[in-house]
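A.B. asks: Sharing a model that was predicted from the sequence below.
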Amino acid sequence: MENNLVSTDELKNLYFKNENKFFSKVTKKQDFHFKSTTEILSNIARVGKFKKVKETYKLNLILKKILLKSHLNWVLYAYYKNKKLIIGTYSHIGQSELNMQKYSLIEYLKKIEEYSDIESVSIIRDEKNNQKNTQINSQIVLNAEKSYGIFDNYLQEEVLYAIVERIKQTIRDTKLRTF
């Protein structure tokens, strides 16, 4: 067996003489290509889990063009599955308003190639979000005005003093009306 060990002097000679490519002083020029946000997002959109996000985004854009802005405010989510468009709302009012738009939705969606096979539209009410809205409304009622309009006014300017006095009087008047 041959001894493949190289002495340190030979290594130094190879390095400084630039005889061997392995020990070359010349570094390779590296091309740094930074991906743009469009490239990154398009790569993410091709991943199976994120295809649904892309489809949902397309559907939301389409619904923005079809529905009135007031009707669009009732929509919590929308997705297309098995030739059926499912739209979730958070209130019975939104559900009834969108139920009246079913046939026009089908008519417009059939004109788009991806949704040309649509058969029905289902409008459902999401009870979980409905409960959240009632909790928010009850918190708003609990956070009603707690002042009775009894506080000192130390302002020196007459105009500002008069404004604060009108505010105090308004608070007193609303408290009298509520009780």
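C.D. replies: That came through fine.
A.B. asks: and the protein, what are its domains?
C.D. replies: For the chain, automatic domain parsing gives the domain ranges 37-129, 144-178.
A.B. asks: Export the ones you listed to TSV and append columns for distance to L11 and mean neighbour count.
C.D. replies: All C-beta atoms are positioned from the backbone trio N, CA, C, and that covers glycine. Formatted as TSV, these follow (distance: least, C-beta to C-beta, whole Å; neighbours: other C-beta atoms under 10 Å):
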stretch	distance to L11	mean neighbour count
domain 37-129	44	14
domain 144-178	84	11
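A.B. asks: And whichever strand or helix holds Y57, how far out from the chain middle?
C.D. replies: Assessed by DSSP states H and E, Y57 sits inside helix 48-66. Centroid separation for helix 48-66 versus its chain: 12 Å, with C-alpha atoms, centre = their mean, to the nearest Å.
A.B. asks: Please state the mean pLDDT value computed over it.
C.D. replies: Across helix 48-66, pLDDT averages out at 83.
A.B. asks: helices or strands up against it?
C.D. replies: The contact analysis (3 or more C-beta pairs under 8 Å, 6 or more residues apart in numbering; DSSP states H and E) places helix 48-66 against helix 37-46, strand 75-81, helix 102-110.
A.B. asks: Kindly recompute the last result at 10 Å.
C.D. replies: Under the contact criterion of 3 or more C-beta pairs under 10 Å, 6 or more residues apart in numbering; DSSP states H and E, helix 48-66 touches helix 37-46, helix 69-72, strand 75-81, strand 84-89, helix 102-110.
A.B. asks: By mean pLDDT, show me the worst of the ones you listed.
C.D. replies: helix 37-46 has the lowest average pLDDT among those, namely a mean of 80.
A.B. asks: Quick one: work out the angle between it and helix 48-66.
C.D. replies: The directions of helix 37-46 and helix 48-66 differ by 110 degrees, with axes from the mean of the first three to the mean of the last three C-alpha atoms, to 10 degrees as the criterion.
A.B. asks: Pull the distance from helix 37-46 to the chain's centre.
C.D. replies: Average the C-alpha atoms of helix 37-46, do the same for its chain, and the two points are 17 Å apart (C-alpha atoms, centre = their mean).
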